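> When you get a sec, could you give me coordinates for this:
(4 chains)
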Number of protein chains: 2
Amino acid sequence: MSTLGGMTGLRARTRDAVRGQLADVAIGLFLERGYDATTVDDIAAAAGVSRRSFFRYFGTKDDVVFHQADEAAERIAGALATATGSDWDCLRQVLTAWQDEIYASGPVLELVESSPALRARMVEKRDELRRLVSAALLARPGAELDAYTADLLTAAAGAVLDAAAQEWLRNGGDRTALIARGFDQLAPRGR
Amino acid sequence: MSTLGGMTGLRARTRDAVRGQLADVAIGLFLERGYDATTVDDIAAAAGVSRRSFFRYFGTKDDVVFHQADEAAERIAGALATATGSDWDCLRQVLTAWQDEIYASGPVLELVESSPALRARMVEKRDELRRLVSAALLARPGAELDAYTADLLTAAAGAVLDAAAQEWLRNGGDRTALIARGFDQLAPRGR
DNA sequence: GTCATAACTGGCACTTAGTGCCAGAATAGA
DNA sequence: TCTATTCTGGCACTAAGTGCCAGTTATGAC
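I've put the predicted structure just below:
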């Protein structure tokens, strides 16, 4: 256990590599045949590992689609801790900057929308993110809000992102502009 | 097929009765031993039906907890169609009135919060409700909003309910007052 | 280089949710 | 009463996810 600060360790690095490769193979199959029609056996076989090993890299079949989002979630919470301005402005800045990481851009979002199981999991992940962000907002250095207000503002900010993502899927357009409009409209009253 | 308007039919009525009884037995077991530790076999045995029949009444194990919510969702959408006032006020009135149906009051809410699987399903159901409500808001007689605004307002109203439910689980108190405060704070600007 | 330790791997068996199918019992309507 | 529909239980099957074990490989100390 003599690891230096920046040292990642060969073991961890190969592990991350396998993980990423596994995810690529899996998403490729999902896009090709559909999520439900692809079994974990298929993924494992295509990636050249055993079924058992797949579950050592991903706890569930759908985690494969959201594993970047998990990492992003903690970085978002971290970014929020250092943001300045009013609570609402902090949420606005951080979430606008991280929108691409929250809503996996491109084909992955359509993949998620195409499968009820994946959509359910996405909503769940969104909820976890919401909790994390709310806690980070509440724990900010000079915070002057209560837990209820933190939950409320965070959920409202999430509402903006959700609505913008839906509209973007419907009609395309400038997602950042949609988000800006939403944040303007919902800016909280009173303090 | 000579059923009169109000006639429910004996078959449908007994079916509803079995359904309700099955739900009661299942929730009882869930509260007693926990959700994950209760199998569908347990439920079926305790209710005196076969495992196969259970799945004829409920598509999944967790549907048993949310089957009232599904019915409530459509009634909420119906109520919204006949509500009057600004879009935001309509949402406020209808959702405030139906809060108990949305957030199963009492022990069931705690049961849901105690199991990750149930919590995930609840979030999913909430999402379905959100879509239904948004569509109903958009389709209202004299509606003057676009799909994006409908989604935005609906999600914001949902944010109020979510935050209020969390706060209520934390500290108790008057849930209706919390909801009122949330709706005041998030009242949208512009038009 | 050697060696003990820890981590990774594949294979197997098992539980559980959920589905398709079929044959028998119960029921509604003519 | 007779016929068509519906409900039921049982069986077999798929697929996700987990625990366990034994073999292999990399790691770190000497």
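> any idea how far the residue most central in space within chain A is from chain B?
Note on chain A: the residue nearest the mean C-alpha position is residue A:69, at 3.1 Å, using C-alpha atoms, centre = their mean. Computed as C-beta to the nearest C-beta, to the nearest Å, the residue A:69 to chain B distance reads 15 Å. Any C-beta I mention is one placed from the backbone N, CA and C, and that applies to glycine too.
> List the residues that contact that residue.
If you count contacts by C-beta atoms under 8 Å, 6 or more residues apart in numbering or on different chains, residue A:69 has them with A:101-102, A:104, A:125, A:129.
> Which members of these define the maximum pairwise distance?
Taking C-beta to C-beta as the measure, the contacts of residue A:69 span a maximum distance of 12.8 Å, between A:104 and A:129.
> between the two, which one's more packed in?
Regarding residue A:104 and residue A:129, a neighbour count based on other C-beta atoms under 10 Å in any protein chain shown identifies residue A:129 as having more, with 23 against 19.
> That one: helix or strand, and which one exactly?
Using DSSP states H and E, residue A:129 sits in helix A:116-138.
> That helix - contacts with which helices or strands?
The elements that helix A:116-138 packs onto, with contact taken as 3 or more C-beta pairs under 8 Å, 6 or more residues apart in numbering or on different chains; DSSP states H and E, are helix A:63-82, helix A:87-97, helix A:107-114, helix A:147-171, helix B:116-138.
> So what's the gap between the first one and the chain middle?
The reference is to helix A:63-82. Average the C-alpha atoms of helix A:63-82, do the same for its chain, and the two points are 6 Å apart (C-alpha atoms, centre = their mean, to the nearest Å).
> Quickly check: it near DNA strand D or not.
No: Helix A:63-82 is not in contact with DNA strand D by C-beta under 7 Å from any atom of the strand; minimum separation 7.6 Å.
> Okay, buried residues for that helix please.
A:63-67, A:69, A:72-73, A:76-77, A:79-80 (16 or more other C-beta atoms under 10 Å in any protein chain shown).
> can I get these in TSV with distance to DNA strand C and pLDDT?
Supplementary listing: these in TSV, determined by distance: C-beta to the nearest atom of the strand, whole Å; pLDDT from 0 to 100:
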residue	distance to DNA strand C	pLDDT
A:63	15	94
A:64	15	94
A:65	19	93
A:66	20	91
A:67	15	87
A:69	22	85
A:72	23	89
A:73	23	90
A:76	27	94
A:77	26	92
A:79	29	94
A:80	31	93
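> Out of these, the closest to residue A:25 would be?
Of all those, residue A:25 sits closest to residue A:64, with 9.1 Å by C-beta to C-beta.
> circling back: need the least confident one among the helices and strands packed on helix A:116-138, by mean pLDDT.
Taking the average pLDDT of each of the helices and strands packed on helix A:116-138, the minimum falls on helix A:107-114, with a mean of 86.
> ok, residue A:16 - how many residues close by?
Around residue A:16 sit 12 other residues, with neighbours defined as other C-beta under 10 Å.
> How many neighbouring residues does residue A:15 have?
Using other C-beta under 10 Å, residue A:15 has 14 neighbouring residues.
> Setting the sequence-adjacent residues aside, check what's closest to it.
The shortest distance from residue A:15 to any residue other than its chain neighbours is 7.9 Å, reached at residue A:57 (C-beta to C-beta, 6 or more residues apart in numbering or on different chains).
> Many thanks, we can stop here.
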